[in-house]
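> Predicted model, plus sequence, below.
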Amino acid sequence: MPQIGLQLDWALAKRLELLLYVRQIFVNDIAGIDGGIGETAVRLQWWYVRHAGLSVGFDREIIDLKSYESGDTRAQFRYEVTGFALYFNFAF
């Protein structure tokens, strides 16, 4: 789903970067859907060679469906994943 947000990348050194992003979308009663999605992350990326690196950081993703109605069907749920993460990065 397309989201609106802000992403900032800072080069701290030649092979060290800080990444920060916030992405959100919220819909209010469109086709029976009321809810939103939000993603937030802060990561420190170290490129140990030109095309490969490691990242450590904190990520949070929330999917919050406040209500969904279609005919006789009604649903709602909240899904949230929050925690520290370790990534292997490959860029070509």
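Noted; the coordinates are in hand. Fair warning: this is a prediction, and the values are worked out from it, not measured in the lab. Residues are numbered from 1 along each chain as shown.

> Tell me how many other residues crowd the nearest residue to Tyr79 once chain neighbours are set aside.
Distance criterion C-beta to C-beta, 6 or more residues apart in numbering; nearest residue to Tyr79, sequence neighbours excluded, is Ile63 at 4.4 Å. Where C-beta positions appear, they are placed from N, C-alpha and C, glycine not excepted. Counted with other C-beta atoms under 10 Å, residues neighbouring Ile63 total 15.

> I figured Ile63 hits Gln76, correct?
No. The pair Ile63 and Gln76 fails to qualify as a contact (C-beta atoms under 8 Å) at a distance of 11.4 Å.

> List the buried residues for the strand or helix carrying the residue nearest to Tyr79?
Here Ile63 sits within strand 52-70, counting by DSSP states H and E. Across strand 52-70, burial judged by 16 or more other C-beta atoms under 10 Å covers Gly53, Ser55, Gly57, Asp59, Ile62, Leu65.

> now swap in stretch 83-92 and tell me
For stretch 83-92, using 16+ other C-beta under 10 Å, no residue counts as buried.

> Mind checking the pLDDT average for that stretch?
In this model, stretch 83-92 has a mean pLDDT of 93.

> got the contact list for that stretch?
The contact list for stretch 83-92 (C-beta atoms under 8 Å, 6 or more residues apart in numbering) reads Arg43, Gln45, Trp47, His51, Ala52, Gly53, Leu54, Ser55, Val56, Gly57, Phe58, Asp59.

> what's the helix or strand for the first one?
Under DSSP H and E, the secondary-structure element containing Arg43 is strand 33-49.

> what packs against that strand?
strand 16-30, strand 52-70, strand 73-90 (3 or more C-beta pairs under 8 Å, 6 or more residues apart in numbering; DSSP states H and E).

> Spatially, what comes nearest to the spatially most central residue of the chain if we skip its sequence neighbours?
Closest residue to the average C-alpha location of the chain: Glu39 at 3.1 Å, with C-alpha atoms, centre = their mean. Spatially, and ignoring its direct neighbours in sequence, Glu39 is nearest to Arg23 (4.5 Å; C-beta to C-beta, 6+ apart).
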